[in-house]
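*Asks:* Give me a model of this one.
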Amino acid sequence: GLHDAITSFVIDCTDMSWALWMHRDNCTGTLEKWRSQFRMIAVDECQDTDVLQLNILSLLIDPVKNFLVAVGDKHQAVYSFRGCVSDGVQKFTEMFDCEILQLPVNYRCGRSHLELVRKIFPHIPIEPHPGAGEGEIKILKHSEFLSLFQDESKSYIGVCRKNAPLLIYAIRLLAAGKPAKIKDKSLGKRVLDEVDRIITKSKKPYDVETFPQALADYEAKERDRLLKYKDGEQRIALLQDMLVAVLALFEAYQPQEFRDWETFVEKIFDESDGQRCINLYSIHSGKGGEGDVAFVIEPELMPFSHKKQTAEEKEQENNLLYVALTRPKETLALVLGEDKSPGDISWLPREYIDVVAKSEVTASEVTHQFDETAPCLDLTATTVEPFTPEVTQEELIELLVKIEKLPRPKLRTVLRELVDRLGRESVADLLK
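*Replies:* Numbers count the residues shown, from 1 in each chain. Predicted coordinates for the structure are as follows:
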């Protein structure tokens, strides 16, 4: 109960609001004092309020003594999973009889950024300010990612729908000597909590040699458990996202003991300001962020969907896309995942895909013309011997046994590496 929570010091902000609402009849004098003291009450991000917060606010509003100003954008409502209402702006207008004043002018983005947004979301009234620049839109392949950070005078912000790519790209940046951090310490804590659960479930002390197998066993058991829920598919997707993040951290740093996990997480997940660096966020945590250059990591992951997705969930996924595309001040970059093309981005208008395709064709034509100036080789005069790998049957069997024991996330990494080295068609032929 409330008494136990207070005496054990485990009360949080929601508990405080709940306690006030439940005991509002016992503190009428205090509420009246505050109502009389406030001349204006301002609420920012009003689209992300919950029912309890709305009710608490109603205790402070007195149309005679004060007035309410609420600022929000219904198209940026993305926190229903936390209990926020999906129609927060409408709730404010209904509960407090608010007059609506439209604010359609965007003072951050370039004209080309907002043109793209309007093509995807024609129902959203958003327009550039009179002095807005044109802005730039880039679509980068996975291998071109690091080329984005040539100008150290620029501010950079990166967002992603999932957690694992966010961590993988942070590790890539750090490995390349680029200062980067994920500005979400709560995500870092969740990674550590997941590692702790994997160790606990294995019923063995942490061992760097056996951790991949412990992770694989944990994933298999958790999948079976989560399948029993109605939203099991969604829960499994979230689990896999987290486990891929854990595996990425493990493969990059090979923590020898649990305190090493804590050190690496503290290094990467940092919300402090100070040194200029490349800031990475989940789209949820980066909703108020901006940068001269804003890049969306693996945009083909959006909008996230699953079989039993509700209309409200679909709407919030679209809102996340809207939020992601409105972070840049100068350049918007879409960074494709491995082996992905612009055509894999389901929400990207066809005209943008065609422009990229045309530029790639032009580049290949130039390369072809250059190659034609080189001396031709007479392949008919050469006898090509079939390639015979120097691998014994015993070695192949040993390799297959190792592959069978790989954790699912590690197996995906190995397969991606094979595709990179051999090509998609070659790997597809091998799997037939």
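*Asks:* Tell me if I am right that D292 is in a strand.
*Replies:* Yes - the assignment for D292 (DSSP: H, G, I helix; E, B strand; the rest coil) places it in a strand.
*Asks:* That one and S282, how far apart?
*Replies:* 21 Å (CB to CB, to the nearest Å). To be clear about C-beta, it is placed using only N, CA and C from the backbone, and glycine gets the same treatment.
*Asks:* Quick check: buried residues in stretch 212-223?
*Replies:* Along stretch 212-223, these residues count as buried under the neighbour rule (16 or more other CB atoms under 10 Å): P212, A214, L215, A216, Y218, E219, E222.
*Asks:* after the strand or helix carrying E219 comes which helix or strand?
*Replies:* Here E219 is covered by helix 211-226, with elements defined by DSSP states H and E. Note on helix 211-226: by DSSP H and E, the next helix or strand toward the C-terminus is helix 232-253.
*Asks:* List the buried residues for the helix or strand that that next one is followed by?
*Replies:* Downstream of helix 232-253, the first helix or strand assigned by DSSP H and E is helix 258-268. By neighbour count on 16+ other CB under 10 Å, the buried set for helix 258-268 is W261, F264, V265, I268.
*Asks:* now stretch 40-60
*Replies:* Buried, per 16+ other CB under 10 Å, within stretch 40-60: 41, 43, 45-50, 53-54, 56-57, 59.
*Asks:* Can I get those in a markdown table including secondary structure, distance to A70 and pLDDT?
*Replies:* Conversion of the buried residues of stretch 40-60 to a markdown table gives the following (DSSP: H, G, I helix; E, B strand; the rest coil; distance: CB to CB, whole Å; pLDDT from 0 to 100):
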| residue | secondary structure | distance to A70 | pLDDT |
| --- | --- | --- | --- |
| I41 | strand | 9 | 93 |
| V43 | strand | 4 | 94 |
| E45 | coil | 9 | 93 |
| C46 | helix | 4 | 93 |
| Q47 | helix | 9 | 93 |
| D48 | helix | 11 | 92 |
| T49 | coil | 9 | 92 |
| D50 | strand | 14 | 92 |
| Q53 | helix | 12 | 93 |
| L54 | helix | 10 | 94 |
| I56 | helix | 14 | 92 |
| L57 | helix | 9 | 93 |
| L59 | helix | 16 | 92 |
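*Asks:* which residues of the stretch 1-150 of the chain fall in strands?
*Replies:* Taking DSSP state E, counting those that start in this stretch, the strands of the stretch 1-150 of the chain run over residues 40-43, 67-70, 105-106, 127-128, 136-140.
*Asks:* quick revisit: dump the buried residues of stretch 212-223 into CSV; add pLDDT as well.
*Replies:* As requested, the buried residues of stretch 212-223 are arranged in CSV below (pLDDT from 0 to 100):
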residue, pLDDT
P212, 94
A214, 95
L215, 95
A216, 94
Y218, 95
E219, 94
E222, 94
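*Asks:* with these in mind, which one is nearest to L238?
*Replies:* Of all the buried residues of stretch 212-223, L238 sits closest to E222, with 10.6 Å by CB to CB.
*Asks:* mind giving me a markdown table with the strands of the stretch 1-150 of the chain and columns for distance to E315?
*Replies:* Compiled in a markdown table, these are given as follows (distance: least, CB to CB, whole Å):
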| stretch | distance to E315 |
| --- | --- |
| strand 40-43 | 22 |
| strand 67-70 | 20 |
| strand 105-106 | 21 |
| strand 127-128 | 22 |
| strand 136-140 | 25 |
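*Asks:* Which one, of the ones you listed, ends up nearest to W34?
*Replies:* Of all the strands of the stretch 1-150 of the chain, it is strand 40-43 that lies closest to W34, at 9.8 Å by CB to CB.
*Asks:* Return the distance of the closest one from the chain's centre.
*Replies:* On the basis of CA atoms, centre = their mean, to the nearest Å, strand 40-43 is displaced by 31 Å from the centre of the chain it belongs to.
*Asks:* That strand pairs with which strands?
*Replies:* Looking at strand 40-43 with DSSP bridges, its paired strands and their directions are strand 67-70 (parallel).
*Asks:* Which positions within the partner strand qualify as buried?
*Replies:* The neighbour-count check on strand 67-70 (16+ other CB under 10 Å) flags L68, A70 as buried.
*Asks:* Tell me the secondary structure of L334, please.
*Replies:* strand.
*Asks:* so it sits right up against I345, yeah?
*Replies:* Yes - the pair L334 / I345 is scored as a contact, 6.9 Å apart, by CB atoms under 8 Å.
*Asks:* Mind listing the shared neighbours of those two?
*Replies:* With contacts defined as CB atoms under 8 Å, 6 or more residues apart in numbering, the residues adjacent to both L334 and I345 are P299.
*Asks:* ok so, going back, C98: which of the strands of the stretch 1-150 of the chain is closest?
*Replies:* Nearest to C98, of the strands of the stretch 1-150 of the chain and by CB to CB, is strand 67-70 at 6.5 Å.
*Asks:* Tell me which residues touch the residue nearest to F92 when sequence neighbours are not counted, please.
*Replies:* Excluding its sequence neighbours, the residue lying closest to F92 (CB to CB, 6 or more residues apart in numbering) is A70, at 4.8 Å. By CB under 8 Å, 6+ apart, the contact list for A70 reads A42, V43, C46, V89, F92, F96, C98.
*Asks:* And those, which is closest to G83?
*Replies:* Closest to G83, out of all of these and judged by CB to CB, is C46, at 15.2 Å.
*Asks:* any weak-confidence spans in the stretch 151-300 of the chain?
*Replies:* Low-confidence segments of the stretch 151-300 of the chain, defined by pLDDT under 70, span residues 274-275.
*Asks:* Can you name the residues that contact L116?
*Replies:* Contacts for L116 were tallied using CB under 8 Å, 6+ apart; they are I137, L325, L332, P349, Y352.
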